[in-house]
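Peer 1: here is the input, now give the coordinates:
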Amino acid sequence: MLKQVLDDYRMGFWTALKNYADMAELSAYAIYVGVTMLMLARTEDVNLMILTGIVPMLAGLLLARIYPNQMSKIMFLCPMSAKERKCYLKTAYWLRVGAPMALCIISSTAAMALGYIPIFYYLEMNILVFSYLSGINVYCLPQSWKKDLSEDQWTLRAPFAYEVLNMFLQLVGLIGICVFGSADFYGMDQKKDQIAMTVFMLAELLISLKIIVTYYKPVMEHGMNYEDCYLIKRG
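Peer 2: This is a model prediction of the structure:
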């Protein structure tokens, strides 16, 4: 199943990226890039720290948006059972989480081995990034929560708390990485920075768990049904 997902993502990448670029509001990316540029204006060590976390987060956000939790129209034509469709979506979810996370682990491990990152910050940053990626990938296109039934339209939407939690997930993750990037690893403020980093890491973990527990199942169920993923105009 992993090979099938990889092939689908690889062959449809440019089309998915173009479709997303045509409809996307890029303000979120502007915030990420702006904050990153501000942090990069600091010392060389901090440049490495901020990039180690922010690049995987941006990659995870992009993958979550161009590959939402739904099957392509072509995939719906395949003779797949409900179990196989569920397996496909789960595999795709963990691929979108795992690929950026692998990048984070590899780069942060190299940085730790070279002495740039103490092990405490290494562990907490990876937990923070993993929490971010796990939560941000519980996503489906906004129209996936709607059904068009002839002239009578009714809307099945995720509760408003979903958008609020998603916003806080990104905000806490971004600020947490900034706290990590500006941390005083060995100086007088080390203890304060460790406490601050732990607070952001735990907050991100709790938000991510809330998103997964509440929305993972309905998002996956929507992704398995053609009518939920693609609006059908009737009448």
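Peer 1: what sits against the residue sitting nearest the centre point of the chain?
Peer 2: Centroid-nearest residue in the chain: residue 136, 3.2 Å away (criterion: Cα atoms, centre = their mean). Contact criterion Cβ atoms under 8 Å, 6 or more residues apart in numbering gives 60, 61, 64, 166, 169, 170 as the residues in contact with residue 136. All C-beta spots, glycine's among them, are computed from the backbone N, C-alpha and C.
Peer 1: where in this structure is the helix or strand with the lowest mean pLDDT?
Peer 2: strand 152-155 (a mean of 40; mean pLDDT, DSSP states H and E).
Peer 1: all strands of the chain, in order?
Peer 2: Chain-ordered strands for the chain, with DSSP state E as the definition, fall at 146-149, 152-155.
Peer 1: most neighbours, which of the contacts of residue 136?
Peer 2: Top of the contacts of residue 136 by neighbour number is residue 60, holding 27 neighbours under the definition other Cβ atoms under 10 Å.
Peer 1: sorry, back to before: what pLDDT does the residue nearest to the centre of the chain get?
Peer 2: You'll see residue 136 listed with a pLDDT of 94.
Peer 1: and the gap between it and residue 93?
Peer 2: Counting by Cβ to Cβ, to the nearest Å, the gap between residue 136 and residue 93 amounts to 11 Å.
Peer 1: now swap in residue 213 and tell me
Peer 2: Counting by Cβ to Cβ - residue 213 and residue 93 are separated by 15 Å.
Peer 1: same check on residue 200?
Peer 2: Spatial separation of residue 200 from residue 93 under the definition Cβ to Cβ is 24 Å.
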